[in-house]
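Asks: Okay, predicted coordinates and the sequence, questions at the end:
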Amino acid sequence: MPLLTVENLRAAFHTRNGVVRAVQDVSFQLERGETLGIVGESGSGKSVTCYSIMGLVPQPPGRIEGGRALFGGVDLLACSHRQLNGIRGRRISMIFQDAMTSLNPFLRIGEQLIEPLMIHEKIARTAATDRALAMLDEAGISEAEHRLKMYPHEFSGGMRQRVMIAMALITKPDLLIADEPTTALDVTVQAQILELIRKMQNELGMAVILVSHDLGIVSGFCNRVMVMYAGRVMESARTDDLFYDTKHPYTRGLQNSIPALQMKGRELHTIPGQPPDPHHPLPGCPFAPRCGHAVEYCARGEIVMLEAAPQHGTACLRVQKENLSI
Amino acid sequence: MADSTPMAMVEPAETGGGSSFWQDAWHRLWQNKLAIFGLAVLGVLAALCFAAFLWPNITGYSYEQQNLALGPAPPNHAHWLGTDPLGRDLLARLLYGGGISLMVGLCATAVSLTIGVIYGAIAGFAGGKLDMLMMRTVDILYALPFAIFVILLMVFFGQNIILLFVAIGAVEWLTMARIVRGQVMAVKRQEYVEAAHALGLKEGRIIFRHIVPNLLGPIIVYATLTVPEVILLESFLSFLGLGVQPPHSSWGVLIKEGAEVMEEYPWLLIYPGAVMALTLFSLNFLGDGLRDALDVRGSKD
Amino acid sequence: MSSAETFLEVRNLKTHFPVEKGLLFKRRLGDVKAVDGVSFALRQGEILGLVGESGCGKSTLGRTILQLVRPSAGDVLLEGQLLTALRGASLREARSAFQMVFQDPYASLNPRMTVFDALAEAMQAHAKVPRRELPGRIDALLEKVGLSRQARRKYPHEFSGGQRQRIAIARALAVAPKLLVADEPASALDVSIQAQIINLLARLSREMGLTLLFISHDLSVVKHIADRIAVMYLGRIVEIGPAADVIGQPLHPYTKALISAIPIPDPRRETRRVRILLPGDPPSPLHPPSGCPFHPRCLYAVERCAQVVPALEPFGQPGRQASCIRMIEIERQGNTP
C-alpha cells in the first residue's frame, strides 16, 4: 500500500479580488522510501499542495474544496485536529525555504530541537537532549554541545537549514516534505544540503517530497517528478522518462529555458508570454496561450491527467488525442 | 521561440487603465465597512456641528441661552436632550461643543503635523550626528510630563482658544516627528531612490518626486489617529477647568459638568459621553481603515 | 590590452565599511572588506560576467564602479576619465554614461510614478527633450524592451516581475549609457522569464554596443551571455578569463567547486557526475581567514596557503589569470588533491 495517496485535491483562496484556484485536481501516490519531485514556477500551486496535505493552509482565506490525502489509512484533509497533530511533526515533517523565518528567534536551538521529541514521544528532557546532540552531529554541525545553546540568528544560512533538517528528522518521520529547501542558499551550500537530505533518507528509509523550481536539482535527486502549472499537474513520470521522453510542451519549454544545457552563441530558448492571471482563469488548457503546439481545441477541452505510457501521465490534450511527440 | 515576440501579444495580467496608488487605496477603503461607517458618522457629526456654528439658534436655542426658571430637565419635546442646571439646551451645547472639540482636534493636529513633519524630515534626511542629536532631544522631551507642560503654558499665556491649539500641538508633535523620520529613513533606503541617484537626478528632484510622495501614507494615517488623542486631551484640560471656558462649551466641559451632577441628572453625562465615544471610535476606525488601504506592500494582494 | 582599447579600467579597487560600536564616541571595531583589491579592464562592447556567492562582494563591486558607493581606495577609469575623482554636479552629469539595472524588480521602480513619467524623467535627466517628442521616444524605448505602448499610463504594480525588469532596463537605457551594470537582473524571476530578460540584455548590448557587467550567482547563466568571466571570493577576483576557458578548464579550486555544484537537468549526467563538496560555509567578510581566503574550505590546501595571500597570476593563454599558489601543480597532476 502506498505511503501517501492524494486524490483530486482542490484548494482555493477566496480573496477580495476573486477566487484563486490554487490547486485543481491534483492526484499522486508516494511509496515508502520514494522521492517525488514537484516542479513548477511561482503560481503553479506546488507549495499550496504540500501545505494542504499538512493542514497549513490558513482557512480563511484558503479553503480545501475537495479531495483526499490518505496517509496510513487516515485522510489528512478530513481527520480531527488531534489526529493531525499526532501525525504532523512525528510521521510527516516539513522543512521550508527560509530557515530564518521558520525557526523561532526567541528560543535557543536546543529548545526547538527537543520540542518535537517531548511532545510526540514524551521522553525526559535529558534523553531528548542526547538525541538532539546526536542529530546535530548527523546533520554535520560541529561543536554540537555548544551550538545547542545558541540562537538562530547566530548561525549562517546553511547552518540554519541544517538545524531545520535536524529538527524535522529527529522524530524519524516516514515522510519529509521539503519546500524549496535550497533556493535561498548559495550553490555550494545547496549541494551540501541536498547531500545531507539524501544521506538521512537512506538511513531512515523515509520518503521525500522535494518541491522546487529547479529541474536540475530534481533530476539528480528524485525517483519521480510531477510538473505543475497554474494549479494543475501537467506531467508526471519517472525522472528518466520525464527528461528523455517528455510528453508535455511545458516540461519541454522548462528544459529548454535552462541555460545550463544550451549552447552559447544562440539565444536562450524562452517560453514566450507569462503565467496566467490566477484571478481570471481561461477555459481549456492553462498553458495554451504560450504553447507552440497549441491548436484550436486546446482552449476548449477539459484538462485531465491520462496515462500516455506506463507510469507516465500527461495532461496535454494533443498528446492524449493524437499521440503528439514533444 | 526567440524573444522577438512583442509583449503586446500578451497584455499585462491586470485590468486596463492606469489605476494609481490613490485610486487603489480609495477602492480598498471603500470595501472596509467599519471605516466607511466611521467616515459617515464623522461626516454627519461634522455637518451638524458646523451648522450649529453658522446658525447658533438651529435647535431653537443658543448654547448659552439660560432658562433659570426651567432648570435641569430630562429629555422632552422642547429640549430633545434635556437641559442643564442653568436651563441651557443640552443639544445646542452638544453640537456647539462638538464643533469646538472637532476644531481643536483638527487645528492642534495640523500644528503637530507641521512641526513634526519638518523636524522629522530634517532628521531623516540629514542622518548621522544631526539626526542623533535631534532624536535624542525628542526622547528627552518625551520624558516631560505633557499635562503639566500644557497646564504651565495655559497658565502663563492665558486661556486663549488659539493658544489651546498651539499648546496641544506643541506636545503632540513628538510622535509625528518620530514617525516621519522613520519613514524618511525607510524610503531613503528603497532601491528606487538609489536608482534615482544612479540616473543622475538632482537631489531636490529626488526628495520631492521620489521620497515625499511615498511618505504620505503613514503620515495621513497617523494624523487621523492623532485627532482623537487631541480631543481627549482637550477634554481632559477642560475637565480640569483649563481648556475651553464657560460660557463656551466643548465635550470636555460638558462631561465635566455632567460628571458633577451625574447622580441626579444622568442624561447630562450620558449624552455627551456617548457622542464623544462615538466620534473617537469613528476616527479610530477611519484611521485603521486608512492604514490598511494605504499599505503599499499589499497593493494587489 | 593596450590603453587605447581600454574602455573601463578598475585599478586595485577597495571598498571597506567600518564597523563601529558605541553611542556617542564610536569605537572602530574593524572593517568589512567587501571589495578588497579588484583590478580588471574591459574593452568597449565586451560582456564580463561576474560570479560569486553571497558575501563575495560582487554587488558592492558593481555599485562601487558606478560610484553609488564611494570606494575606500583605488581608481575607476571610464574612457580615460577618472570617475573616482568626480564629485557633486560633475559626477551627476557623468552618470549618463553608466547605468545600473537592479536585482529586485519589485523595489527598483517608484510605485507612485507611471511608466511614462519614470522614463520621461530619465530621458530628461541629462538632455533637454522637447515635450512633444517625449511620447514618440518613449514608445520607441518601450518597443525596444518588448513592451507595448499601453504600458505608458500604468503603474509598476500592474506589471509582473519580468515586465517590471523590462521597464527598469528601459529606464537605464533612456539616458543612453555606454556602460551597463546588471546586478542579478534575473534572479528574482521565474525560470521561463529569466531567459527572456537575459536574451534581451544580450541583444541590446550587441545592438547598442553597450559594455555590460553582468553580475550573477548563477554560473550557467553567466556562461551563456558573457565573453569573459571573473569569479569573486571574499572581495577578490580569484579567477578571470574567457568564458569558455573558465568553464571548461577552471584553474582555481573554488571555480572548480562552483562548477561542480551546479545542478544539471539531465538525470544520467547528474547522477553519474563526481561532485566536489565544499566543507563549511562561505566566510564572513568581517573575519577573513589568514593567507588565501579560500584555504579553510579548499581540498587542495597546504600549510603555505594559510600564510600567503595569492595574487592573480597569468596561466596558459593570454587573458587567463587565477590566484592560487598551487594551480600549476594541480594542472599537472590532473586535478587530484
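Replies: Received, thanks.

Asks: so where's chain C uncertain?
Replies: Scanning chain C for pLDDT under 70 picks out C:1-4, C:22-26, C:335-337.

Asks: Wait, residue A:98 touches residue A:185, no?
Replies: No: between residue A:98 and residue A:185 there is no contact under CB atoms under 8 Å: 10.0 Å. (Each C-beta comes from the backbone N, C-alpha and C, glycine too.)

Asks: Comparing those two, which residue is more hemmed in?
Replies: Each of residue A:98 and residue A:185 has its neighbours counted (other CB atoms under 10 Å in any protein chain shown); residue A:185 has more, 24 against 16.

Asks: Pretty sure that one sits against residue A:193.
Replies: Yes: using CB under 8 Å, residue A:185 is in contact with residue A:193, at 6.4 Å.

Asks: residues in contact with residue 303?
Replies: Let's take chain A. A:232, A:284, A:285, A:286, A:315, A:317 (CB atoms under 8 Å, 6 or more residues apart in numbering or on different chains).

Asks: Give me the pLDDT for the closest residue to the fourth one other than its chain neighbours.
Replies: Think residue A:286. Distances taken as CB to CB, 6 or more residues apart in numbering or on different chains put residue A:230 closest to residue A:286, at 3.7 Å, once the chain neighbours are dropped. For residue A:230, the pLDDT comes out at 93.

Asks: Can you get me a residue count around residue A:230?
Replies: 24.

Asks: In contact with it: list those residues for me.
Replies: Counting by CB under 8 Å, 6+ apart, residue A:230 has contacts A:43, A:44, A:45, A:275, A:276, A:278, A:281, A:286, A:287.

Asks: The closest residue to residue C:325 other than its chain neighbours and residue A:21: what is the separation?
Replies: Leaving aside its chain neighbours, residue C:325 sits nearest to residue C:310 (5.0 Å; criterion: CB to CB, 6+ apart). Between residue C:310 and residue A:21 the computed distance is 57 Å (CB to CB, to the nearest Å).

Asks: swap in residue A:89?
Replies: In terms of CB to CB, residue A:89 sits 29 Å off from residue A:21.

Asks: Over to residue B:35?
Replies: Counting by CB to CB, the gap from residue B:35 to residue A:21 is 30 Å.

Asks: ok, these two, which is more surrounded?
Replies: Set residue B:35 next to residue A:21 and count neighbours by other CB under 10 Å: residue B:35 wins out with 23 against 19.

Asks: The more buried one sits in which helix or strand?
Replies: Secondary structure from DSSP states H and E places residue B:35 in helix B:33-54.

Asks: So which elements touch that helix?
Replies: helix B:21-30, helix B:90-126, helix B:267-293 (3 or more CB pairs under 8 Å, 6 or more residues apart in numbering or on different chains; DSSP states H and E).

Asks: Just want the angle from that helix to helix B:21-30.
Replies: 100 degrees (axes from the mean of the first three to the mean of the last three CA atoms, to 10 degrees).

Asks: now what about helix B:33-54, what contacts it?
Replies: B:29-30, B:58-59, B:63, B:92, B:95-96, B:98-99, B:102, B:275, B:278-279, B:281-286, B:288-290, B:292-293.

Asks: Separate out the buried members of those residues.
Replies: B:29, B:58-59, B:63, B:92, B:95-96, B:98-99, B:102, B:275, B:279, B:282-286, B:288-290, B:292-293 (16 or more other CB atoms under 10 Å in any protein chain shown).

Asks: ok, now how distant is whatever residue of the stretch 1-150 of chain A ends up closest to chain B from chain C?
Replies: Of all residues in the stretch 1-150 of chain A, residue A:15 sits closest to chain B, at 5.3 Å by CB to the nearest CB. As judged by CB to the nearest CB, to the nearest Å, residue A:15 and chain C stand 16 Å apart.

Asks: my read: that residue touches residue A:60, true?
Replies: No: shown here, residue A:15 and residue A:60 do not form a contact pair, counting by CB under 8 Å, at 9.6 Å.

Asks: In terms of neighbours, single out the busier of these two.
Replies: Ranked by neighbour count (other CB under 10 Å), residue A:15 and residue A:60 place residue A:15 first, with 15 against 9.

Asks: which residue ends up closest to the midpoint of chain C in space?
Replies: Closest to where the C-alpha atoms of chain C average out (CA atoms, centre = their mean) is residue C:215, at 2.6 Å.

Asks: Using the three-state scheme, assign that residue.
Replies: Here residue C:215 takes the strand state, with states given by DSSP: H, G, I helix; E, B strand; the rest coil.

Asks: quick one: contacts for it?
Replies: C:50, C:51, C:58, C:59, C:61, C:62, C:181, C:182, C:183, C:184.

Asks: distance of the fourth one from residue C:293?
Replies: Using CB to CB, one obtains 18 Å as the distance from residue C:59 to residue C:293.

Asks: ok, the two, which is more surrounded?
Replies: Neighbour count, other CB under 10 Å: between residue C:59 and residue C:293, residue C:293 has more, with 24 against 21.

Asks: Tell me which residues touch that one, please.
Replies: Applying CB under 8 Å, 6+ apart, the residues contacting residue C:293 are C:233, C:234, C:235, C:236, C:283, C:309.

Asks: ditto for residue C:156
Replies: C:109, C:110, C:111, C:113, C:115, C:164, C:167.
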